[in-house]
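Engineer: compute the structure for the input listed below.
(one chain, ligands or ions: 2)
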Amino acid sequence: MNLPTRVKLVEVGPRDGLQNERQPVPAPIKIELVHRLQAAGLKDIEVTSFVSPKWVPQMGDAALVMAGITRLAGVRYSVLTPNLQGFAAAALTKPDEIVVFGAASEVFSQKNINCSIAESIARFAPVVAAARAAGISVRGAMSCAVGCPYEGDIAPARVGYLAGLMRAIGVQHVGVADTIGTGTPLKVQRAVEATLQHYDLDSISGHFHDTYGQALANTLICLQMGIWQFDASVAGLGGCPYARGATGNVATEDVVYLLHGMGIDTGIDQDKLIDAGQFISNFLQRPTQSRAGRALLNRRGA
Ligand code: HMG
Ligand code: MG
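Structural biologist: Ligands and ions are numbered 1, 2, ... in the order given. Coordinates of the predicted model:
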C-alpha cells in the first residue's frame, strides 16, 4: 500500500453542512463556526454559496458571512458560484477559490441548478474564465458521481464525460461527490478511475456523504489509490436540499480519527475540532453525528 503521509481536508460544514438546515442559522453563528474551524487547524474552509436565495434561503447571507470572517494567513476560503451572477457577488468578497458544481446525472443537474449538464458547462465557462483572470482558483464539484436520487446508479463513463467537460473549460481540480452516500468502495474507485482520465491524482478530491455509513470505507479506498484531498463536515452536518434522503457529509472528526490513527498528518487539532462541532451542535440542539466525536466527548466526561 502506498498511502499518502499527509492529507488535506476541506471543511465544508459552514456551506454543505448548513445549507440544508431548516431553521435559520444567523450569520454571527456561521462566522463563529468558521473561526473555530480555523482555530482547529483547518486550512481550507468552504464558507458559503452565492446561489439564489429562493432556492437555498439558508445561504442568503453569503456576502455578510464572507465579510464577517477574520481571515488567517495560510487559510483558503472558498465559495460556491453556479453562474456569473453568483460569481460577480462572490468576487466582491474576495474568495481564494470558487466552486462550480455540476452533476454526472442529467436529472439531478436539472433539479439542483435548473439546467442540463451541457447548459451548466456553458454557464460555468465564463465563470471559470473570470475567476482565473482574477487569480482565483477554480474547483469543480461532480455531484452524483456514484448514485443519483432520481436515476439510480451512475455509470463511470458519465463521470469521465463530466470530468472531461470540466477540464476543457479550465476547472483546475475536481471533487468526486457521492451526493447521496449510496456508494461503496469499488464503485467509488471506478468513478475516481474515470476522473483520472482527465485529472491527475493531485487534482482530485473525494466528497462523501455518509447516508449509508460507507464514507470512511470510500475514503480509505481513495487513500489507497493515492488521493490525498477530501471534503468533510464538522459534526457530520450536511445534505443537499435537492437530493431527497441524503444526510450529512462524512464527519471531519471521524476522518481525522481515521487518518491520525493511520499515522497520516492533517495539521488538525482533534480536541479543538470537537469543540467546534459541539458549538454548532449546541446551536442546532442536536447531538453530533460524528461517532469519533461522541466517543471522545464521552471519554472527556469520564
Ligand atoms: P434559475 O431560476 O434557473 O436562475 O436558477 P435564473 O438565472 O433564471 O434567475 C432566476 C432568479 O434567481 C432571478 O431573480 C435571479 O436574479 C436569481 P428574480 O429576478 O426572480 O428575483 N439568481 C440569483 N440570485 C443570487 N445568486 C445567484 C443567482 N442566480 C440567479 N447566483 C440557479 C438557477 C443556479 C441560480 C439556482 O438553481 C440555484 O441557485 N441553485 C443552487 C442549488 C444549490 O445551492 N444546491 C446545493 C449546492 S450543490 C451541493 O450541495 C452538492 C455538493 O455538495 C457536492 C455533492 O455532495 O454532490 C457541492
Ligand atoms: Mg455535498
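
Engineer: same for the lengthiest helix in the chain, what does it pack against?
Structural biologist: As far as residue count goes, and with DSSP state H defining each element, the longest helix of the chain is helix 117-133. In terms of contacts (3 or more CB pairs under 8 Å, 6 or more residues apart in numbering; DSSP states H and E), helix 117-133 is packed against helix 84-91, strand 97-103, helix 106-113, strand 137-143, helix 156-168. For the C-beta atoms, the positions are set from N, CA and C on the backbone; glycine is no exception.

Engineer: quick one, it and strand 97-103 angle?
Structural biologist: Angular relation of helix 117-133 and strand 97-103 on a 0 to 180 degree scale: 170 degrees, by axes from the mean of the first three to the mean of the last three CA atoms, to 10 degrees.

Engineer: how many residues are close by Ala89?
Structural biologist: Residue crowding around Ala89 was assessed by other CB atoms under 10 Å; the count is 16.

Engineer: that one contacts Phe50, correct?
Structural biologist: Yes. The pair Ala89 and Phe50 passes the contact test of CB atoms under 8 Å, sitting 4.8 Å apart.

Engineer: and for these two, which residues touch both?
Structural biologist: Counting by CB atoms under 8 Å, 6 or more residues apart in numbering, the shared contacts of Ala89 and Phe50 are 62-63.

Engineer: returning to that earlier point: would you convert the helices and strands packed on helix 117-133 into a markdown table that also reports mean pLDDT and distance to Asp275?
Structural biologist: Converted to a markdown table, those look like this (pLDDT from 0 to 100; distance: least, CB to CB, whole Å):
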| stretch | mean pLDDT | distance to Asp275 |
| --- | --- | --- |
| helix 84-91 | 98 | 29 |
| strand 97-103 | 98 | 26 |
| helix 106-113 | 98 | 33 |
| strand 137-143 | 98 | 28 |
| helix 156-168 | 98 | 36 |
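
Engineer: let's have these in CSV, adding distance to Leu201.
Structural biologist: Converted to CSV, the helices and strands packed on helix 117-133 look like this (distance: least, CB to CB, whole Å):
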stretch, distance to Leu201
helix 84-91, 28
strand 97-103, 19
helix 106-113, 26
strand 137-143, 15
helix 156-168, 13
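
Engineer: looking at these, which is closest to Ala62?
Structural biologist: helix 84-91 (7.2 Å; CB to CB).

Engineer: buried stuff in the closest one?
Structural biologist: Applying a neighbour-count criterion of 16 or more other CB atoms under 10 Å, the buried positions in helix 84-91 are 86-87, 89-91.

Engineer: now narrow those residues to whatever sits close to ligand 1.
Structural biologist: Counting by CB under 6 Å from any ligand atom, Gly86 from these sit close to ligand 1.

Engineer: and of the buried residues of helix 84-91, the nearest to ligand 1?
Structural biologist: Closest approach between the buried residues of helix 84-91 and ligand 1, by CB to the nearest ligand atom: Gly86, at 2.8 Å.

Engineer: I'd say Gln289 and Val234 touch.
Structural biologist: No. Proximity of Gln289 to Val234 does not meet the contact threshold set by CB under 8 Å, at 9.8 Å.

Engineer: those two - which one has more neighbours?
Structural biologist: Neighbours of Gln289 and Val234, each counted by other CB under 10 Å, are more numerous for Val234; the result is 35 against 24.

Engineer: now do the same contact list for that one.
Structural biologist: Contact partners of Val234, counting by CB under 8 Å, 6+ apart, are 11, 13, 17, 33, 37, 251-253, 273, 276-277, 280, 290.

Engineer: among these, which are in strands?
Structural biologist: For the contacts of Val234, the ones inside strands are Glu11, with DSSP state E as the criterion.

Engineer: a markdown table for the contacts of Val234, including neighbour count, pLDDT and distance to Gly213?
Structural biologist: Compiled in a markdown table, these are given as follows (neighbours: other CB atoms under 10 Å; pLDDT from 0 to 100; distance: CB to CB, whole Å):
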| residue | neighbour count | pLDDT | distance to Gly213 |
| --- | --- | --- | --- |
| Glu11 | 31 | 98 | 21 |
| Gly13 | 31 | 98 | 19 |
| Gly17 | 29 | 96 | 18 |
| Leu33 | 28 | 98 | 25 |
| Leu37 | 27 | 98 | 24 |
| Ala251 | 30 | 98 | 12 |
| Thr252 | 35 | 98 | 16 |
| Glu253 | 30 | 98 | 15 |
| Leu273 | 31 | 98 | 21 |
| Ala276 | 28 | 98 | 23 |
| Gly277 | 31 | 98 | 18 |
| Ile280 | 26 | 98 | 22 |
| Ser290 | 30 | 97 | 13 |
